[in-house]
Structure formats: C-alpha cells, structure tokens
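Novice: here's a sequence, model it:
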Amino acid sequence: MAAVNAGADEIYFGIGILNMRAAGANNFSINDLEKISQICKKAKIKAWVTLNTVVYDEEIEEIKKILDKIKKTGIDGVIASDLAIIKLANEKKIEVCVSTQMSVSNLETIKFLSKWVDRIVLARELNLEQIKKIVEGIKKEKNKGPKKQLIEIEVFGHGAMCVGISGRCQMSLFHQNLSANRGKCVQMCRRKYEVMEMETGKKLILDNNLIMSRSDLCTIGLLDKLVETGISTIKIEGRARSADYVDTVVRVYKKALKLIEEKKYDKAIKEKLLEQLKTVFNRGFSEGYYLGRKVEEWAQGENSLATEKRILLGKIDHYYPKVKIAEIKLTNSERVNNGDNYVIIGPSSGVIRGKFFGIKMDNNIMTFKVEEKVRKSDKLFICR
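Specialist: So this is what the prediction gives:
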C-alpha cells in the first residue's frame, strides 16, 4: 500500500518460496493474487510476480499452478530467470520480464531472448555507455518481444547491492546450506571478520569497512543521465524493507523523474532529494557501476545510516472520521508536542506523514488531528 500511495507505476512481489526474498520478507500466498490484482488495477498499476529463483524438477507442477492462478486473476506478468518458467509462462501467454539474475549484458543475448520475453532487467555491472548502446541497438535492429513491441530495458535505480555477480552468490549456501539463489541468503557478506597472522597467531578485526558488504545503490545524482540512455523502467529494490522506506524512496524518484521531464533537474534539487533518501534505511550510498568502478564504496558498518530516527509510540486504538481525530494509548514515555513530525504505518493505510496538532492528553491516552483516514492497530511513530 505504501508503494501504491506513493505513486509507483508498477509493483513486483513474491509468493511462497520461489522468489529471491523467500526468507527475507513476509511473502504473499497464491490465494492473495486476486486481491493484489484488484488493488493494482484500481490504482492503474502493473503487477509482477517474482518467480526468479533456481528451480528444481519437483517444483514444476507447483509453478504451473501458480502461473494458472496468475493468468486467472489478471496479474500482468512474471519476473523470471529460469528458462523453464519462461517457457511455461509463454505457453500460457503470460508476459515475462527477465530478472537481473540472468546477467544479460549484450545485444546478442537480448535478440536471442526476444522470442520469449518483452522486458529485460540488465546485469548490474554495466555502465551508462554500455546500456545506451544496448537500447540504441534494440531500436536500430527493431528487436521485438511476443507483444510485437520493442524490447523494454529495465535497470536498478536504488537499493541494496550484492557483492556477487548480479546477485548470484554462493557464500550463504557454502556456510549455512541456505542458497541465496533460492531466496534464502543469510548475508554472510554483511558481517565482520577477523584475520590472523599465521606465525604469531595475532588477530586483527577488520572493522574499518565490512570488506564484502557493498554500500547501497543510489542513482539520484545521475538519474538524468540514466534516463538519457533510453531505458524504460527504473527498479527500486524495496522488498524486505519497511513501508516508510518504500514510501520515501518511491516519492523521491517519482519527483526526480518529473523534474527531469520538466528540465528542472539541477544540482541543488539533487542534493535536496539525496538528503530525503538519507532519512530512511541505508548503508551509505554508491553510484554502482554506472559511472565506472570506484574502490571506496563499501558499507561503513552493520547498521543503517538513516539520518532520521523513528520511535514507536504505540498503535492506533480508534479513528473518528467525522472530526478526523485519532486516539492512541501511548506505550512509550517519549514526550510529544504539537508540531512534531509523525509517521503512521498500516497494512491498509500504507504510510501517512504529518505533524502533530490538536493534541489532548488524558493520562496516557492521546488524541490528535489526522486529516487522512487511519485504522485500528496502525503503528504511530514520532520522528526525531
């Protein structure tokens, strides 16, 4: 709901265990597809189901059932990297977007895949010039997918980056027998390690940098250049993130794209938008490989570097729509004043931001004005 309300044009999500966040996020079930489809169609948003893991023989029948349900409920398409899923989706005339897991890095591969797919998420290791040449090549050679339209190119614009090639890493499987390529990454790369001198046994903790942990991708500073390459879609990596992260990042990039279209995207705007992105979860920011490889862009610690702190005050007990007042029993002794910033987050409400006003206290029961409808059990946070 945060993505819907923030103005995303498309949403991708996982069901069950056949997606790259099988263990890292609260995934939907096959029975949720109809409701999700209705929500997205009402908002005029395209919906993609991620079936982008490595697939085994014993899972093929389950995949067929999922694809049948996708077709029946009107979900727009699937994101996949396994040729079996691509083939089965084609047979059912379901649109396919190739996942970055396939590491598509050249025009010849795109020409080969165009028989089955309409959109491709390129490998994360490409720079702007390489992406531009691919897009120009598609137009020049008129490479079209099953929809008889030019192949669309999608790239990652913001979010976590993996130290492995386009996310294909074996560390988690090797150490914990939990495969990252089955959506069960335990993020071995995000941990601290120590080295030992063999002769003396002296140990050193590598705590200046997490030596395998990449800082997060952020393209807000080069988004105009990324748009100029001719790509169709900017992907925000937001799964397994909080609702306020999704809300903030979608709104910032949506605003940036509008300003680029209006030719008002200057240095001051970029800096202002970057500061907004810093308020939510991040490991520090990197421009990825788009401008070439930089050596210093590693995470500086294990925790988020978000500049804004959110403190949970409790859950909404009641909302009075006629007078637009919310009531809450405070579970935190944090002092709340009129004018303080708040965030309300709920599964149906999405993310609602505002400033406290009209506060009234009766022991630990607080009421305050909220213009937008909120719901019982929505979480209320104060921002510091």
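Novice: wait, isn't Val104 in contact with Lys111?
Specialist: No - contact criterion C-beta atoms under 8 Å: Val104 and Lys111 do not qualify, at 10.8 Å. Glycine gets a C-beta too; all of them are placed from N, C-alpha and C.
Novice: who's more crowded, these two?
Specialist: Val104 (24 against 14; other C-beta atoms under 10 Å).
Novice: would you map the helices across the stretch 201-350 of the chain?
Specialist: Counting by DSSP state H, counting those that start in this stretch, the stretch 201-350 of the chain has helices at residues 223-228, 243-261, 267-277.
Novice: quick check: which of the ones you listed is buried the most?
Specialist: helix 243-261 (a mean of 20; mean count of other C-beta atoms under 10 Å).
Novice: quick one: list the elements packing against that one.
Specialist: helix 2-6, strand 152-159, helix 223-228, strand 233-236, helix 267-277, strand 341-346, strand 350-355 (3 or more C-beta pairs under 8 Å, 6 or more residues apart in numbering; DSSP states H and E).
Novice: put together TSV for the ones you listed, with mean pLDDT and distance to Asp216 on each row.
Specialist: As requested, the helices and strands packed on helix 243-261 are exported to TSV (pLDDT from 0 to 100; distance: least, C-beta to C-beta, whole Å):
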stretch	mean pLDDT	distance to Asp216
helix 2-6	95	18
strand 152-159	96	6
helix 223-228	97	15
strand 233-236	96	11
helix 267-277	96	9
strand 341-346	95	21
strand 350-355	94	20
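Novice: switch the ones you listed over to a markdown table; also include distance to Glu334.
Specialist: Putting the helices and strands packed on helix 243-261 into a markdown table (distance: least, C-beta to C-beta, whole Å) gives the following:
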| stretch | distance to Glu334 |
| --- | --- |
| helix 2-6 | 23 |
| strand 152-159 | 30 |
| helix 223-228 | 36 |
| strand 233-236 | 31 |
| helix 267-277 | 23 |
| strand 341-346 | 11 |
| strand 350-355 | 16 |
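Novice: which one of the ones you listed lies closest to Asn332?
Specialist: strand 341-346 (12.5 Å; C-beta to C-beta).
Novice: now do the buried residues in the closest one.
Specialist: Neighbour-count burial for strand 341-346, counted by 16 or more other C-beta atoms under 10 Å, picks out 342-346.
Novice: touching that strand from outside, list them.
Specialist: 1-2, 242-244, 310, 313, 316, 326, 351-356, 370, 374-375, 377-383 (C-beta atoms under 8 Å, 6 or more residues apart in numbering).
Novice: how about a cut-off of 10 Å?
Specialist: With contact meaning C-beta atoms under 10 Å, 6 or more residues apart in numbering, strand 341-346 is reached by 1-2, 242-244, 247-248, 308, 310, 312-313, 315-316, 319, 326, 328, 336, 350-356, 368, 370, 372, 374-384.
Novice: got the angle for it vs helix 243-261?
Specialist: 110 degrees (axes from the mean of the first three to the mean of the last three C-alpha atoms, to 10 degrees).
Novice: domain ranges for the chain?
Specialist: With domains defined by automatic domain parsing, the chain comprises 2-163+213-286, 310-383.
Novice: tell me what the longest strand seen in the chain is packed against?
Specialist: Ranked by residue count under DSSP state E, the longest strand found in the chain is strand 310-320. Contacts defined by 3 or more C-beta pairs under 10 Å, 6 or more residues apart in numbering; DSSP states H and E place strand 310-320 against strand 325-329, strand 341-346, strand 365-369, strand 379-383.
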